[in-house]
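**Q** Here is my input; please provide its structure:
(one chain, ligands or ions: 2)
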Amino acid sequence: MSEPGNHIVVENLTMKYGDFLIQRDLNFAIKRGDVFVIMGGSGCGKSTLLKHLIGLYEPAVGRVLYDGASFWDSSSEEQGALLRRMGILYQKGALWTSMTLAENVAMPLRQYTGRSDTEIQDIVDYKLALVGLSGFQDYYPSEISGGMQKRAALARAMALDPEVLFFDEPSAGLDPVSSKLLDDLIIELNKSTGATVVVVTHELASIFSIAKNSIFLDPDSKTSIAFGPPKELLESSKELKVIEFLTRGERQR
Ligand SMILES: Nc1ncnc2c1ncn2[C@@H]1O[C@H](COP(=O)(O)OP(=O)(O)OP(=O)(O)O)[C@@H](O)[C@H]1O
Ligand SMILES: [Mg+2]
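**A** Ligands and ions are numbered 1, 2, ... in the order given. Sure thing, here's the model as predicted:
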């Protein structure tokens, strides 16, 4: 698993809330620069897995490695350094509502860099331009659409030039057009920055358009039952549940 090209390696991971088992025995690797999708039906543990990948929860069993370094075996300084290389877009509550978009994006820069106000302003303008929000610096989140809020949150997640970007259901609550725009933006940013992108989603359109590789979590057996590019899984997976999921049930019923 520690072969070159692997960015994040999940080893023998079992996740629990107290005694409640969510998923067990997960073993997979996410390659550097890939767009990797975590898929599965509601409640199977996708967000839980994401939270383990960003160091928010400690594994009940197993390890998560970044470039070979195990997060929970690292010192708090090393953990801090690993965390600063991650950009995260949560499923809910993306932006600070009492701050303008510029202030939102500037926040991590003020917190973690010693940059001057002018430098920060330049970076903020650049990041907002990257997500198509030039000119919206002084708007508050409540004054823009849901799709624009997601893009602003993405600009903030990218403020510190992360090596890996995590998204939890990026298109939740968006109309199909805004959702497609966000998918296009994710692909574009992955190409232009080379960042590894990990996306939790059950949106089929997103899965097929963005994923280079994926893992499918099964809520019944409480482990992964498929790993690979979604198009290949659709063609050759022997798992009915996976085919059903990838065809919205149309092929099996
Ligand atoms: N903090 C928590 N404490 C206890 N149980 C939790 C907690 N968070 C989630 N769960 C439970 O763990 C299971 C997996 O939840 P999770 O949110 O990871 O699923 P998901 O696949 O992301 O679902 P969705 O598609 O609805 O977002 C669910 O049964 C959920 O109720
Ligand atoms: Mg979730």
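**Q** For Val61, which residues are in contact?
**A** 12-14, 24 (C-beta atoms under 8 Å, 6 or more residues apart in numbering). For every residue, glycine as well, the C-beta is placed using N, CA and C.
**Q** count of neighbours near Glu77?
**A** 8 (other C-beta atoms under 10 Å).
**Q** now do the one 5 residues further on
**A** Per other C-beta under 10 Å, the neighbour tally for Leu82 reads 19.
**Q** Next step: the contacts of Val61 restricted to strands.
**A** Judged by DSSP state E, the contacts of Val61 include 12-14, 24 as members of strands.
**Q** Tell me where the chain has strands.
**A** 6-17, 20-31, 35-39, 61-66, 69-70, 86-89, 164-168, 196-200, 213-218, 223-227.
**Q** Any chance of a PyMOL selection covering the buried ones in the contacts of Val61?
**A** Typed into PyMOL, the line below selects the buried ones among the contacts of Val61, using 16 or more other C-beta atoms under 10 Å:
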select buried, resi 13+14+24
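**Q** CSV for the contacts of Val61, including distance to Asp34 and pLDDT?
**A** Shown next, in CSV, are the contacts of Val61 (distance: C-beta to C-beta, whole Å; pLDDT from 0 to 100):
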residue, distance to Asp34, pLDDT
Asn12, 21, 98
Leu13, 19, 98
Thr14, 24, 98
Arg24, 24, 98
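**Q** domains for this structure, by residue range?
**A** Split into domains by automatic domain parsing, the chain comes to 1-85+163-253, 94-161.
**Q** ok, which residues in the stretch 101-250 of the chain are in contact with ligand 1?
**A** Counting by C-beta under 6 Å from any ligand atom, the stretch 101-250 of the chain comes close to ligand 1 at His202.
**Q** Next, the buried residues of stretch 125-134.
**A** Quick answer for stretch 125-134 (16+ other C-beta under 10 Å): 125, 127-128, 130-131, 133.
**Q** Go through the residues you listed and name the one nearest ligand 1.
**A** Of all the buried residues of stretch 125-134, ligand 1 sits closest to Val131, with 23.8 Å by C-beta to the nearest ligand atom.
**Q** okay but the closest one is in contact with Gly147, surely?
**A** No - with contact defined as C-beta atoms under 8 Å, Val131 does not count as touching Gly147 (10.3 Å).
**Q** related to what we said a few turns ago, make CSV out of the strands of the chain and add distance to Glu188.
**A** Formatted as CSV, the strands of the chain follow (distance: least, C-beta to C-beta, whole Å):
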stretch, distance to Glu188
strand 6-17, 20
strand 20-31, 19
strand 35-39, 11
strand 61-66, 24
strand 69-70, 29
strand 86-89, 15
strand 164-168, 12
strand 196-200, 11
strand 213-218, 19
strand 223-227, 26
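**Q** Of all those strands, which one is nearest Arg151?
**A** strand 86-89 (10.0 Å; C-beta to C-beta).
**Q** average pLDDT for the closest one?
**A** In this model, strand 86-89 carries a mean pLDDT of 92.
**Q** swap in stretch 38-50?
**A** Stretch 38-50 comes out at a mean pLDDT of 95.
**Q** buried ones in that stretch?
**A** 38-40, 44-50.
**Q** Settle this for me: Tyr90 is touching Ala172, isn't it.
**A** No - the pair Tyr90 / Ala172 is not scored as a contact, 10.5 Å apart, by C-beta under 8 Å.
**Q** Where does the prediction get shaky in the stretch 151-253 of the chain?
**A** Across the stretch 151-253 of the chain, the ranges flagged by pLDDT under 70 are 249-253.
**Q** Which strand residues bridge the residue nearest the centre of the chain?
**A** Nearest to the geometric centre of the chain sits Phe166, at 2.1 Å (C-alpha atoms, centre = their mean). Beta-bridge partners recorded for Phe166 (DSSP bridges): Ile88, Val198.
**Q** Return the residues in contact with it.
**A** Phe166 touches 50, 53-54, 86-89, 197-199, counting by C-beta under 8 Å, 6+ apart.
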